[in-house]
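Asks: for reference, the sequence and a predicted model appear below.
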Amino acid sequence: MIEIKNINKTFGDLQVLKNVSLTIEDCQVYGLTGPSGVGKSTLLNCLAGLDSYDSGSIVVDSVCLEALGEKQARLFRKNMGMIFQNFSLVSRKNVYQNIALPMECWGVPRGDIKKRVYELSEMVGLKDKLKSRPSELSGGQKQRVAIARALTMNPKYILSDESTSSLDPSITSSILNLLEEIRKEMGITIIMVTHEMPVVQQFCHKMAILEEGEVSAQGDVKELFLQKPPALQKLLGTGERNHIPSSGVNLTVDLSFGTLLWQLGKLLKNPYTMVDSDFFQFRDQKYGNVTINVDTEDLLICENYLQSHGISYRAERRAP
C-alpha cells in the first residue's frame, strides 16, 4: 500500500504540489488526472524517487521514502517500474537489448537475463521482434517493449506517465488490456497519470483529480462519474444544466442498463419530466444516471421506490 501524506513541492517560486494526500491500495489501478501543468507527473516522479519533495511523507509498504539513504533508495526503486509517454527506448539497441538494459545495470547474470527477456517478450507479444530496432516498430509495439522493460526486475508497482496518449484508440485499448492481464497475473499495482477520460473509465479502479497542485476530488471511479463533482465536470467540459424546471424536486437516479425506471412513473400521482441523462462505460459494464423532475407530493413515493430497489439517488428541491 502507498500512503502519500501532505506532500508539498516547489520549483523556484512556483508551488507545484500543495498538501497532496492519497492512499493507493495494493493490486489496484489508480488514475491521476487533471488539466496539464497541475503536478500529476511531478507527483509520480516523487513517488518513483526521481524528484525530491519539500515536506510531507510517502510511505510504501511501511517504508518511509524520505528516511532512506542513497543506497537504500536505489534498492527501493527496483520495486518501481516506469512506463513513459515517448517510450524512452534506446534507438541504437534492438528489442532484446532494450528489455535487457535494466537487468544489465543491476548486474543480473547473462543466462538469467536471456531467460527473463524471452519470458517478457512472449508476455507482451513481441517474441518475433527481438532483433528489431525501435525505428522498425509501430507505436503500440514500442509501448509493449517499454512495458516489458518496466517488468524486468519484478516490480510491485508500475508507474505510467501518459503512456497511451500518443497511441490510436484501438491500440490504446489493446495496451490497457495487456496491462490488465499483467496486473492480474503478477499482482502488481498500477498508478497511471492520464488526461484521457476513456482510459480512466476502462482501466482505473480509483482516481484523483488534481487542480493547481491540489487534490480536488478522489475516490471510486464509478461513483465519481455517477456523482459528477465540479472538478470532474470541468474535465469533461460539462457545466450546469440549462432549462431545468424551477419547481418541484429534481431527482438524479443512479442506475445501470436494464433498470426499469418507467415503473416509477406508474406509481406517481403526477407525470415526471425528464431533465437530463448521462451514461458511460466503466471497465466492462455500462452505468449512468437520469435526472427527472417530480412534483413535491410525489417525492416520498419516489424515495420509497428507489430505496426498495437499492438504487442510489440525490434530490434537489426547486423553489416553488
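Replies: Arrived safely.
Asks: buried residues in the helix or strand containing Leu264, which are they?
Replies: In this structure, Leu264 is located in helix 262-267 according to DSSP states H and E. Applying a neighbour-count criterion of 16 or more other CB atoms under 10 Å, one finds Leu264 buried in helix 262-267. To be clear about C-beta, it is placed using only N, CA and C from the backbone, and glycine gets the same treatment.
Asks: in this protein, which spans are strands?
Replies: In the chain, the strands defined using DSSP state E lie at 2-11, 14-24, 29-33, 55-60, 63-64, 80-84, 157-161, 189-193, 206-211, 214-220, 249-256, 273-282, 285-294, 313-317.
Asks: and those, which is most packed in?
Replies: The highest mean neighbour count among the strands of the chain, using mean count of other CB atoms under 10 Å, belongs to strand 29-33: a mean of 25.
Asks: show me what that one is packed against.
Replies: The elements that strand 29-33 packs onto, with contact taken as 3 or more CB pairs under 8 Å, 6 or more residues apart in numbering; DSSP states H and E, are helix 40-48, helix 169-186, strand 189-193, helix 197-203, strand 206-211.
Asks: neighbours around Ser174, how many?
Replies: Residues within reach of Ser174, counting by other CB atoms under 10 Å, total 17.
Asks: leaving out chain neighbours, which residue sits closest to it?
Replies: Once flanking residues are discounted, Ser174 sits nearest to Gly140: 6.5 Å by CB to CB, 6 or more residues apart in numbering.
Asks: same check on Thr189?
Replies: Nearest non-adjacent residue to Thr189, counting by CB to CB, 6+ apart: Tyr157, 5.0 Å away.
Asks: so what are the domain limits for the chain?
Replies: 2-235, 249-317 (automatic domain parsing).
Asks: tabulate those (a markdown table), appending mean pLDDT.
Replies: Converted to a markdown table, these look like this (pLDDT from 0 to 100):
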| stretch | mean pLDDT |
| --- | --- |
| domain 2-235 | 93 |
| domain 249-317 | 78 |
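Asks: in a markdown table: the strands of the chain, plus distance to Gln72.
Replies: Shown next, in a markdown table, are the strands of the chain (distance: least, CB to CB, whole Å):
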| stretch | distance to Gln72 |
| --- | --- |
| strand 2-11 | 17 |
| strand 14-24 | 21 |
| strand 29-33 | 25 |
| strand 55-60 | 12 |
| strand 63-64 | 9 |
| strand 80-84 | 14 |
| strand 157-161 | 17 |
| strand 189-193 | 21 |
| strand 206-211 | 28 |
| strand 214-220 | 28 |
| strand 249-256 | 46 |
| strand 273-282 | 39 |
| strand 285-294 | 43 |
| strand 313-317 | 48 |
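Asks: out of those strands, nearest to Arg110?
Replies: Of all these, it is strand 80-84 that lies closest to Arg110, at 21.5 Å by CB to CB.
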